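next input, structure requested:
(one chain, ligands or ions: 1)
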Amino acid sequence: MSSKTIEVEHLSKAYGSTAAIEDVHFSVDAGEIIGFLGPNGAGKTTTMRILAGYLPATSGTVKIAGYDVHRHSMEVRRRIGYLPEVPPLYPDMSVKQYLYFVSKIKGIRAGDRRRQVYNAMVRCQLIERENTVIRQLSKGYRQRVGIAQAIVHEPPVIILDEPTVGLDPRQIIEVRNLIKSLAREHTIILSTHILPEASMICDRVIIINQGKVVTTNTPQDLQGQLEISSGYEIELSGNLEIVLPLLKAIPGVTNTILDNNLSIEDTQRHMLRVTCKSTTEPGKDIAALIVRQGLELHELRRTRPSLEDVFLELTTEEPLSVYNQ
Ligand SMILES: Nc1ncnc2c1ncn2[C@@H]1O[C@H](COP(=O)(O)OP(=O)(O)OP(=O)(O)O)[C@@H](O)[C@H]1O
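Take a look at the predicted model:
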């Protein structure tokens, strides 16, 4: 049996003539926490539902702990906890009643229910609200109940679809902390359209756009992927011919890119982009060189890569950068 806890291969789903996802593939190791990140309509919910066994794929396979979700759906359901976008709560039940109810339909043995419901409530910090009727709970607490129902049968894999959507900032922090606390004992895959959320919680991020996986990487490496954003934007006038090679020779500088589109011919003003290694700060040397060579420096602005840049570069059809090499 493979050491991968989740294996997704060539997964596609079409709704009529709409291809929601196409040839999606990735794998997740035991204990990993993976972010499935993409803009609205990217295919996150479709993928989560197929993984959880709630939606048949058009083609491709998903294995959870070695079991095919389609052919061994009962084995798979025992091993996953699923929080859909809208948690399946019964508003008239108390938290405890609801979790007992769920534990029963999930097939937990009668003798184990009390302990497992209690554990789920402890882990989701629900003990103080165990007798509160669900309709009286805040959205943040309701989401905790949603997570408690996903973990009550102690599954090794948890699938969370947009777990912080619709919560206020304080509740978002609480739910994120709760998810992180679960990561030690579970393999978690969560979908989100919020990039900082993925980078804060996850070991790895899978970016999906228009139904296709665009990249899979750690948040740190994703950041490094867009070196072009690290550098300086410089507005200057004068003769660039001599200065460009000298700029390239400054330690730390990796490239100079002249933005011809923004150059203003008649005033001899140029927009220049100088990229540099993200660990270096050659701004002072760049400015000194420009001035020393007799050019006029109008503006020098530091630009740093952010995960947002990476995300937008990867998921926006028009390239963000207007700079042509
Ligand atoms: N039941 C359906 N019938 C037809 N098309 C659908 C259906 N469900 C989803 N789609 C389409 O499939 C694509 C992927 O949708 P999906 O809900 O999986 O994306 P998502 O990334 O979860 O987006 P969101 O965050 O907006 O829910 C979209 O183009 C969507 O319009």
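
residue 291: neighbouring residues, count only.
12 (other C-beta atoms under 10 Å). Where you see a C-beta, it was placed from the backbone N, CA and C, and this is true even at glycine.

now do residue 274
With other C-beta under 10 Å as criterion, residue 274 counts 23.

equivalent analysis for residue 248, please.
When counting by other C-beta under 10 Å, one arrives at 12 neighbours for residue 248.

ok, now how distant is it from the ligand?
Using C-beta to the nearest ligand atom, to the nearest Å, we find residue 248 at a distance of 42 Å from the ligand.

now residue 113
33 Å.

what residues does that residue make contact with?
100, 103, 104 (C-beta atoms under 8 Å, 6 or more residues apart in numbering).

would TSV of those with secondary structure, distance to the ligand and pLDDT be doable?
Below are the contacts of residue 113 laid out as TSV (DSSP: H, G, I helix; E, B strand; the rest coil; distance: C-beta to the nearest ligand atom, whole Å; pLDDT from 0 to 100):
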residue	secondary structure	distance to the ligand	pLDDT
100	helix	31	96
103	helix	29	96
104	helix	30	95
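
most neighbours, which of those residues?
Going by other C-beta under 10 Å, residue 103 tops the contacts of residue 113 with 22 neighbours.

the residue lying closest to that residue once chain neighbours are set aside in helix, strand or coil?
Leaving aside its sequence neighbours, residue 103 sits nearest to residue 113 (C-beta to C-beta, 6 or more residues apart in numbering; 4.6 Å). Under DSSP: H, G, I helix; E, B strand; the rest coil, residue 113 falls in the helix class.

what is the neighbour count of residue 298?
12.

where does it fall, secondary structure wise?
strand 296-303 (DSSP states H and E).

what segments of the chain are helices?
Applying DSSP state H to the chain gives helices spanning 44-51, 73-79, 95-105, 110-123, 139-151, 169-182, 195-201, 219-224, 240-248, 283-292, 307-315.
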